[in-house]
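Novice: No letters, just coordinates:
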């Protein structure tokens, strides 16, 4: 399907100071992709100047949460070539989220073309600099104006994006959840749907009041298994093994997560994908065997954790030299691939022409 | 706080045929209430002509699901007086939802005034007729244009509404969930937040393909407890006792639910508020002891169930004369109070002047 393109009359790029901080998801580039589903089919795909949407207050997205998204990035190399990272994995996952939320799937080829054309058109917005990227946000919302609580008859699929800095959370201390939860068995935890995020804010705010920066989510039934790190997947190094929980209907099948597992394996790091028990972590903490822990995801790539709190236990992790850490070694390996500084035996890089 | 009122130039009421069906939540009346939170405080409350919102694609509501709502109704009596039903209970619950979703609470007096003024201004839209009402939808969304996954710094609180028919779902057969779930322990199930609804659509669609009209949600950890009926609370009459589950962090504290419990008690119906086990229901079904079952909530009031399916079991409920059923007797009692046809010893009716 051919994408109609309407270019903006004048770029806004002069409004952005690329020399200053670029807060995550604040600056949007000149264009956006938009595609509407109605009468049981997709309409005409369009790239338009970025603009506000006119939406009825009774639109279902405001009431019933049919809203899914993805997070992707485009990187600029030293020669001003632009690369995506594993975009087809995001597209496939988006459609899995769509199925779970009873929304129409987006044709994969069209989705892929739309991302590439949008990034190519707004290429000037892809920033230079280690850790910096053009963050791409595909999303879909149910927009039928009707309050009956059944699936929307109309949807908007959109792609927006803009330049972002690397996210470095710094010295993150985390609380292991012992009451609040992120996801239910048989729920939507594996999908990137809006409800998974809004429900985390209050428990995270409470954790902040207790002196933590974030929450490690546990299984909701027993709170005995470590599952996700805030809005990221969770990994923990005990001794010399890097552990992460298997994906499930409560845990997102993270693309950074699986990239890390692949790279770790190829770097000779032992990995273990099996349930992570709180008790085992507390035990390892007592023995001083926890070497490092981190969250991982597209936005922050790898976000190191400096301490884990669980009930009366407080496990401060050692300050390893960063080059000794799995976190830093793997992060550099990912950056090298993303910024086209090394060979890419995996075929993860995808050039935008 | 004084509410600024801007009246519409011309009513749209002539566009609606009050003699025909009025689908739920489709027709909106002439005005809406709107109040914005920014810079850490509420702005000027306004009643304006109903209009579409201009919202950035990066607004947080589209991505992270900070969205809560309430459902209320206004009723017209035989003398054209207009009444609300327990509005302060909805307002209090809305603010509980706000806390859980890390959103600002709305001052209760202002909320109450806003509902009353809006309904008074759009009084002509409150329909006549048994079961008909003006459905009121207060809601709040996080609308800051920023993709960082933290609580929104800006919110819109709005009230919209319009005329609706009584909802009669007819002969509803329901599937007792044995895999999918609505809510997690320590999650948001007790709050009226958007994510609780969107996640139900897909399992409900699958149940429809199996020949059911709706799903009875069970606890997510074991699927052994009956908890909610679709988007309503669940009640079941076994022998001559009306059973419902206690509210919890997975179950909404329904206003229709608690009204029914109060009325049942005063009508001499034995009620039991304790966990309802799937095994006990299957046992009672085998013995022919299940007399009736229904969902209850503001929209449908009481929605009778004709059959319950659970794995290989299919429990068809008897067809009692409607005047023999608790469902019909209690529904009439509620309608009599709502439409001002009887004394209201509870103080539930609240006249709009």
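Specialist: That came through, no problem. As the structure is a prediction and not an experimental result, all values here were calculated from the model. Numbering: from 1, shown residues only, chains lettered A, B, ... in the order given.
Novice: For the most centrally placed residue in chain A, give me its contacts.
Specialist: By C-alpha atoms, centre = their mean, chain A has its centre lying nearest to residue A:298, at 4.3 Å. By C-beta atoms under 8 Å, 6 or more residues apart in numbering or on different chains, the contact set of residue A:298 is A:71-73, A:255-256. Yep, even glycine has a C-beta here, placed from its N, CA and C like the rest.
Novice: Likewise for residue A:293?
Specialist: Residue A:293 makes contacts with A:174, A:229, A:234-237, A:304-305, A:308, A:317, as judged by C-beta under 8 Å, 6+ apart.
Novice: do the same with residue A:231
Specialist: Residue A:231 touches A:197, A:200, A:295, A:297, A:299, B:149, counting by C-beta under 8 Å, 6+ apart.
Novice: model confidence over stretch A:152-161, on average?
Specialist: Summarised as a single mean, pLDDT over stretch A:152-161 is 98.
Novice: does chain B sit close to that stretch?
Specialist: Yes - judged by C-beta under 8 Å from any C-beta of the partner chain, stretch A:152-161 comes into contact with chain B at A:158, A:160.
Novice: Check which residues of that stretch are buried.
Specialist: Judged by neighbour count (16 or more other C-beta atoms under 10 Å in any protein chain shown), stretch A:152-161 contains these buried residues: A:152, A:154-161.
Novice: Also stretch A:37-46?
Specialist: Buried residues in stretch A:37-46 (16+ other C-beta under 10 Å): A:37, A:42, A:45-46.
Novice: hmm, back to that, including secondary structure, could the contacts of residue A:298 go into a markdown table?
Specialist: Shown next, in a markdown table, are the contacts of residue A:298 (DSSP: H, G, I helix; E, B strand; the rest coil):
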| residue | secondary structure |
| --- | --- |
| A:71 | coil |
| A:72 | strand |
| A:73 | strand |
| A:255 | helix |
| A:256 | helix |
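Novice: quick one: which of the residues you listed is nearest residue B:67?
Specialist: Residue B:67 has its nearest neighbour among the contacts of residue A:298 in residue A:71, at 20.1 Å by C-beta to C-beta.
Novice: any idea how far the closest one is from residue A:300?
Specialist: 10 Å (C-beta to C-beta, to the nearest Å).
Novice: Kindly report the same for residue A:145.
Specialist: For residue A:145, the distance to residue A:300 - C-beta to C-beta - is 37 Å.
Novice: These two: which has the busier surroundings?
Specialist: Taking other C-beta atoms under 10 Å in any protein chain shown, residue A:145 and residue A:300 do not tie; residue A:300 has more neighbours (23 against 18).
Novice: ok, the residue nearest to that one when sequence neighbours are not counted - contacts?
Specialist: Closest residue to residue A:300 apart from its sequence neighbours, by C-beta to C-beta, 6 or more residues apart in numbering or on different chains: residue A:167 at 4.2 Å. Residues near residue A:167 by C-beta under 8 Å, 6+ apart: A:24, A:299-301, A:303.
Novice: same check, this time on residue A:145
Specialist: Neighbouring residues of residue A:145 by C-beta under 8 Å, 6+ apart: A:56, A:58-60.
Novice: The stretch 201-350 of chain A against chain B: which residues are in contact?
Specialist: Within the stretch 201-350 of chain A, the positions near chain B by C-beta under 8 Å from any C-beta are A:201-203, A:205, A:220-223, A:231, A:299.
Novice: Now list the buried members of these.
Specialist: Looks like these have A:201-203, A:220-221, A:223, A:231, A:299 buried, using 16+ other C-beta under 10 Å.
Novice: Just the ones in strands from those residues, please.
Specialist: With strands defined by DSSP state E, no entry of those lies inside them.
Novice: what's the closest of those residues to residue B:191?
Specialist: Of all those, residue A:202 has the smallest distance to residue B:191: 9.5 Å, by C-beta to C-beta.
Novice: so which strand or helix has the nearest residue to the closest one once chain neighbours are set aside?
Specialist: Leaving aside its chain neighbours, residue A:202 sits nearest to residue B:102 (4.3 Å; criterion: C-beta to C-beta, 6+ apart). Using DSSP states H and E, residue B:102 falls within no helix or strand.
Novice: List the residues that contact the closest residue in space to residue A:177 that isn't next to it in sequence.
Specialist: In space, and not counting its chain neighbours, residue A:177 is closest to residue A:218: 4.9 Å by C-beta to C-beta, 6+ apart. Counting by C-beta under 8 Å, 6+ apart, residue A:218 makes contact with A:176-178, A:181, A:224-227, A:278.
Novice: Is it possible to mark the buried ones in the residues you listed?
Specialist: A:176-177, A:181, A:225-227, A:278.
Novice: right, and out of those residues, which lies closest to chain B?
Specialist: Closest approach to chain B among those (C-beta to the nearest C-beta): residue A:181, at 3.8 Å.
Novice: Tally up the residues packed near the residue in chain A that chain B sits nearest to, please.
Specialist: Distance from chain B to each residue of chain A (C-beta to the nearest C-beta) is smallest for residue A:195, at 1.9 Å. For residue A:195, the neighbour count with other C-beta under 10 Å is 32.
Novice: Compute the first-to-last residue distance for stretch A:24-36.
Specialist: Taking C-alpha to C-alpha, to the nearest Å as the measure, stretch A:24-36 stretches 27 Å from start to finish.
Novice: gap between it and the chain center?
Specialist: Distance of stretch A:24-36 from the chain centroid (C-alpha atoms, centre = their mean, to the nearest Å) equals 17 Å.
Novice: wait, does it make contact with chain B?
Specialist: Yes - using C-beta under 8 Å from any C-beta, stretch A:24-36 comes into contact with chain B via A:24-26, A:28, A:32.
Novice: so where does residue A:337 fall, helix or strand?
Specialist: Element membership of residue A:337, judged by DSSP H and E, is helix A:326-338.
Novice: What pairs with the helix or strand following that helix, parallel or antiparallel?
Specialist: Downstream of helix A:326-338, the first helix or strand assigned by DSSP H and E is strand A:349-352. Note on strand A:349-352: by DSSP bridges, its sheet partners are strand A:82-85 (antiparallel).
Novice: ok, the residue nearest to residue A:204 when sequence neighbours are not counted - how many residues close by?
Specialist: With sequence-adjacent residues excluded and distances taken as C-beta to C-beta, 6+ apart, residue A:204 is closest to residue A:215, at 5.4 Å. Residues near residue A:215, counting by other C-beta under 10 Å, number 25.
Novice: Which of the helices or strands spans residue A:215?
Specialist: In the assignment (DSSP H and E), residue A:215 maps to strand A:214-218.
Novice: those strands in the stretch 151-300 of chain A, which residues are they?
Specialist: Along the stretch 151-300 of chain A, the stretches classed as strands by DSSP state E, counting those that start in this stretch are A:155-164, A:172-176, A:214-218, A:225-229, A:232-238, A:241-244, A:270-273, A:276-277, A:290-297.
Novice: Which among those strands is found nearest to residue B:272?
Specialist: Nearest to residue B:272 among those is strand A:214-218; the distance by C-beta to C-beta comes to 33.1 Å.
Novice: Check the offset of that closest one from the chain's centre.
Specialist: For strand A:214-218, the distance to the chain centre is 16 Å (C-alpha atoms, centre = their mean).
Novice: Sounds good, over and out.
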